[in-house]
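*Asks:* task: produce atomic coordinates for the following.
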Amino acid sequence: MRQIPHSFAATVLGAAVLTALVALPLLSTDAFAAPKQAARKAPPRAESAQRWFEEGAQTARDGANLRPTPGKAKNVILFVGDGMGISTIAAARIREGQLKGGSGEENSLSFERLPYVSLSKTYSVDGQTPDSAPTMTAMVTGIKTNQGVLSVTQKAKYGDCASARGQGVVSMLELSEALGLATGIVSTARITHATPAATYSHTPNRDWESDAELSAEAKANGCKDIARQLIEFPYGDGLEVALGGGRSYFLPATVSDPEDAGAAGRRKDGRNLPTEWAARPGSSYVWNKAQFDAIDPRRTRHLLGLFERSHMEYEQDRGSDAGKEPSLADMTAKAIDVLENSSRKGYFLMVEGGRVDHAHHAGNASRALTDAIALSDAVRKALEKTSERDTLIIVTADHSHTFTVAGYPDRGNDILGKVVTNGQLALDKNGKPYTTLGYVNGPGYRGPNARPDLTAIDTAHPNYLQEATVPLGDETHAAEDVAIYARGPGAHAFQGVVEQNTIFHVMAQSQRNTSIFLCTLLGQCGNGRGRSAINAPLMEEDLRAGMAKQSASL
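*Replies:* Reported below is the predicted structural model:
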């Protein structure tokens with residue numbers, strides 16, 4: 001099976017930096033000198049058998065009394081923690097709780113309090129363990145497809161432009177925009193990267209992010225690069241919000257980057273896409289936090305923010321960025337404000353915590369957990385700014401990672417630290433300590449010699465790379481199910497273990513405008529046995545024809 005090249009360890013952290021990070025834990029340097037073992041944190045407020053029993057009973061009663069939110073949703077927000085598997089959520093929960101001064105285990109991330117929870121199977125048509133392209137395609141179009149392709153059917157072959165002609169499947173964002181809703185994407189990755197790109201583009205190769213990456217065959221057969229597809233979006237009046245990284249994919253090679261001296265864009269066609277975006281009435285383009293903060297949502301119809309040439313900074317490193325990037329929560333709040341002022345019908349917003357995935361690929365658990373917490377902060381902001389009466393919020397992941405939480409650490413033990421059991425440092429069969437967190441594979445492999453002695457190493461240092469069993473340049477995705485958390489109208493549809501493409505259908509049937517349109521066009525009314533005008537799935541030509549028919553009847 002074709003392997004999707006990522007090279008995250010080399011490109012995301014930088015080859016030289018990665019080499020240093022792998023080597024550092026083997027050295028007794030001041031930066032990684034282990035701190036004195038902290039005393040275990042006390043459990044929160046006088047836990048007792050009575051309290052456990054009573055609180056458990058109350059939770060059970062609350063669950064039994066839960067009733068679905070009535071009606072249809074006006075707004076839909078889909079949060080995707082890229083690579084945020086269940087082990088990542090568990091570790092991030094503990095990490096956040098410990099940062100707050102607690103033992104950690106009793107903590108809950110913002111989205112863990114949502115009332116409806118399900119599991120999602122993440123395999124693709126041709127992959128047992130998927131990449132982000134088919135998984136996000138599943139979530140936003142309602143179908144499963146092949147590795148490496150975005151929002152096209154499985155008939156499209158990877159890297160073959162001609163095979164993708166006529167295979168574009170309509171996404172939830174496209175459907176929403178066509179029906180007059182406001183739409184937006186937010187990501188800490190490049191907005192041309194697989195997860196955000198699946199919402200607005202159709203391509204047989206996720207790596208065709210600018211025209212510089214297009215193959216000769218792609219150019220000959222008329223395939224457009226992903227950045228161009230965002231600017232030339234054909235439905236409605238285009239996206240209202242697009243915030244994230246990826247500036248170089250929108251700028252021509254003749255234009256210097258505004259933030260990084262000596263760097264320039266990568267486009268070969270000479271087009272300055274941010275300038276084209278900003279030329280429309282009511283449209284703004286920003287590339288730093290000061291400009292972002294100055295945006296008035298009441299006066300901005302279309303907002304493009306590109307805060308890095310490639311991916312945005314990890315949350316751990318955001319404070320030292322030259323452009324002072326907004327946080328994921330900042331971008332989410334601004335996006336909601338712009339969208340609420342853009343359409344009375346409602347909006348669809350996708351928010352991605354993209355760098356959880358990148359940190360895991362680099363074997364760096366600290367940054368992965370910090371970015372997962374940042375996603376939780378963004379969800380909390382959305383929960384505060386919306387009502388469960390009219391907004392469906394879904395939080396999930398596209399796939400998991402080979403990330404493990406293991407050993408028998410005492411409660412309250414530093415989740416980034418070495419395993420301590422019964423107050424004593426736990427040792428392996430060779431008498432050496434080991435960490436709670438680790439990876440099945442990746443750049444943290446310490447062989448071929450015996451494991452290093454971690455006694456004098458600060459494994460909680462942000463740059464520490466957890467040990468890996470199998471030596472790989474990049475840690476890989478994992479194939480287990482991921483979680484779905486939901487609140488609002490339609491959220492109760494998430495029950496049991498579902499195929500990942502079910503997420504699209506829950507969103508589409510729960511939003512009042514899209515549900516009516518699909519009912520009419522596909523016969524998906526009530527029990528789903530209505531007369532269908534077309535054969536599923538909803539293709540691009542179907543949407544165009546359906547909109548034309550709807551306009552003619554008005």
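
*Asks:* okay, and the closest residue to residue 198 other than its chain neighbours sits in which element?
*Replies:* Counting by Cβ to Cβ, 6 or more residues apart in numbering, residue 198 lies nearest to residue 136, which is 4.0 Å off, once chain neighbours are set aside. Just so you know, the C-beta spots here come from the backbone N, C-alpha and C atoms, and that holds for glycine as well. Assigned by DSSP states H and E, residue 136 belongs to helix 132-141.

*Asks:* centre of the chain to that helix, how far?
*Replies:* 11 Å (Cα atoms, centre = their mean, to the nearest Å).

*Asks:* other SSEs contacting it?
*Replies:* Judged by 3 or more Cβ pairs under 8 Å, 6 or more residues apart in numbering; DSSP states H and E, helix 132-141 is in contact with strand 75-81, helix 172-178, helix 194-197, helix 502-510.

*Asks:* what about the ones you listed, which gets the closest to residue 541?
*Replies:* Closest approach to residue 541 among the helices and strands packed on helix 132-141 (Cβ to Cβ): helix 172-178, 12.4 Å.

*Asks:* let me see the mean pLDDT of the helix or strand following the closest one.
*Replies:* Using DSSP H and E, the helix or strand that directly follows helix 172-178 along the chain is strand 182-190. Taken as a whole, strand 182-190 carries a mean pLDDT of 98.

*Asks:* what helices or strands is strand 182-190 leaning on?
*Replies:* helix 172-178, helix 194-197, strand 241-245, helix 328-340, strand 347-353, helix 355-361, helix 365-385.

*Asks:* now the angle from it to helix 328-340?
*Replies:* 160 degrees (axes from the mean of the first three to the mean of the last three Cα atoms, to 10 degrees).

*Asks:* quick one: the helices in the stretch 201-350 of the chain?
*Replies:* Using DSSP state H, counting those that start in this stretch, the helices of the stretch 201-350 of the chain run over 216-220, 226-231, 273-278, 289-294, 328-340.

*Asks:* in TSV: the helices and strands packed on helix 132-141, plus distance to residue 315, mean pLDDT and mean neighbour count.
*Replies:* Shown next, in TSV, are the helices and strands packed on helix 132-141 (distance: least, Cβ to Cβ, whole Å; pLDDT from 0 to 100; neighbours: other Cβ atoms under 10 Å):
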stretch	distance to residue 315	mean pLDDT	mean neighbour count
strand 75-81	13	99	28
helix 172-178	25	98	26
helix 194-197	17	98	30
helix 502-510	25	98	23
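
*Asks:* ok, which of the ones you listed comes nearest residue 328?
*Replies:* Proximity to residue 328 (Cβ to Cβ) singles out strand 75-81 among those, at 9.7 Å.

*Asks:* ok, the closest one: who's next to it in the sheet?
*Replies:* Using DSSP bridges, strand 75-81 pairs in its sheet with strand 347-353 (parallel), strand 391-396 (parallel).

*Asks:* count the residues that sit near residue 125.
*Replies:* Neighbour count of residue 125, defined by other Cβ atoms under 10 Å: 16.

*Asks:* ok, it - contacts?
*Replies:* Taking Cβ atoms under 8 Å, 6 or more residues apart in numbering, we find residue 125 in contact with 134, 144-146, 154.

*Asks:* where exactly do the helices run in the stretch 401-550 of the chain?
*Replies:* Taking DSSP H, counting those that start in this stretch to define them, one finds helices in the stretch 401-550 of the chain at 502-510, 512-522, 540-553.

*Asks:* pull the residues that contact the helix holding residue 136.
*Replies:* The contact list for helix 132-141 (Cβ under 8 Å, 6+ apart) reads 4, 78, 80, 82, 122, 124-125, 127, 143-152, 169-173, 193-195, 198-199, 206, 350, 357, 396, 398-399, 499-501, 503-504, 537.

*Asks:* what comes up buried for that helix?
*Replies:* Within helix 132-141, the residues scored as buried using 16 or more other Cβ atoms under 10 Å are 132-141.

*Asks:* for stretch 294-305, same thing?
*Replies:* Across stretch 294-305, burial judged by 16+ other Cβ under 10 Å covers 295, 297, 300-305.
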